[in-house]
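Enquirer: no sequence for this one, just the structure:
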Ligand SMILES: Nc1nc2c(c(=O)[nH]1)N[C@H]1C(S)=C(S)[C@@H](COP(=O)(O)O)O[C@H]1N2
Ligand SMILES: [Mo]
């Protein structure tokens, strides 16, 4: 049996709480609710001695492990709840790391969606070509980590359908998105292939207004708001994790709901 040598004067519960602060909600909440005991931490890591610094490193590691586990667990068919027309939040809120009047204004005439990486066909797509893809629609809840949520109506093409058309290697691990103003995002392939993951061209059956990401956003109702990139101008199918705007600043990579 392993003897756990706690550092004298270190309060195990406070230590776990502190370490938990490094995680983003909602993962942090479930961590503190569930596995939140020093015993669990020690068990997961095999460490006998855990102090503040060690716990921090361990928590980062666990966060990475949870990302992997969550990605593996989220089935390709588990659907986010869909809502009714009358549930739609009007007006739908705008959010970005800048104000609405600073949102990028993309010219539809010169817009091309650049496609790169592990795909058969790297031909850039015009807006007309994208709009010709078969249309799907969803009324779902958008949840922002900043503490608000809103219900929206989005129309566009399934990302999985687009990936099929460009001959993407769906054994690749990630899809990376680049936005007009420099925002970026990486998602895992199971999420990319999820039936509700949408290349969105319309909000409420009308061309996506500038505020909500004209001419194209990626809508993922299984993911927190910051994983849903707006003003998408390029995507890469890749086995390298290129991170993302908020993820690089410590937000949970998986960002699942
Ligand atoms: N290009 C880009 N996409 C982005 C963001 C951004 O700042 N730039 N912010 C994200 C965040 S945090 C949220 S909550 C949603 C907001 O989308 P909305 O303006 O349609 O509500 O966009 C996400 N996608
Ligand atoms: Mo957000």
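Expert: Received the coordinates, thanks. Please read all numbers here as calculations on a predicted model, not as lab measurements. Ligands and ions are numbered 1, 2, ... in the order given.
Enquirer: Now do the contacts for whatever residue of the chain ends up closest to ligand 1.
Expert: The nearest approach of the chain to ligand 1 comes at residue 225, 2.7 Å away (CB to the nearest ligand atom). The C-beta positions use only the backbone N, C-alpha and C, and glycine is treated the same way. Residue 225 is in contact with 95, 142-145, counting by CB atoms under 8 Å, 6 or more residues apart in numbering.
Enquirer: 10 Å - rerun?
Expert: 93, 95, 142-146, 148-150, 246, 255, 257 (CB atoms under 10 Å, 6 or more residues apart in numbering).
Enquirer: now swap in residue 178 and tell me
Expert: So residue 178 contacts 114, 116, 184-185, 229, 231-236, 242 (CB under 10 Å, 6+ apart).
Enquirer: tell me which parts of the chain are close to ligand 2?
Expert: 144, 225-226 (CB under 5 Å from the ion).
Enquirer: Which of the contacts of residue 225 fall in strands?
Expert: Among the contacts of residue 225, DSSP state E puts 142-144, 148-150 in strands.
Enquirer: Could I get the pLDDT score of residue 67?
Expert: Looking at residue 67, its pLDDT reads 68.
Enquirer: For this structure, just list every one of the strands.
Expert: 114-117, 136-144, 148-158, 174-179, 184-188, 198-203, 206-207, 217-219, 232-238.
Enquirer: so where's the stretch 51-200 of the chain shaky on pLDDT?
Expert: 51-77 (pLDDT under 70).
Enquirer: Nearest to residue 133 among the contacts of residue 225?
Expert: residue 142 (22.1 Å; CB to CB).
Enquirer: what about the closest residue to residue 167 other than its chain neighbours, neighbour count?
Expert: What sits nearest to residue 167 in space, not counting adjacent residues and going by CB to CB, 6 or more residues apart in numbering, is residue 120, at 2.8 Å. Residue 120 has 11 neighbours, counted by other CB atoms under 10 Å.
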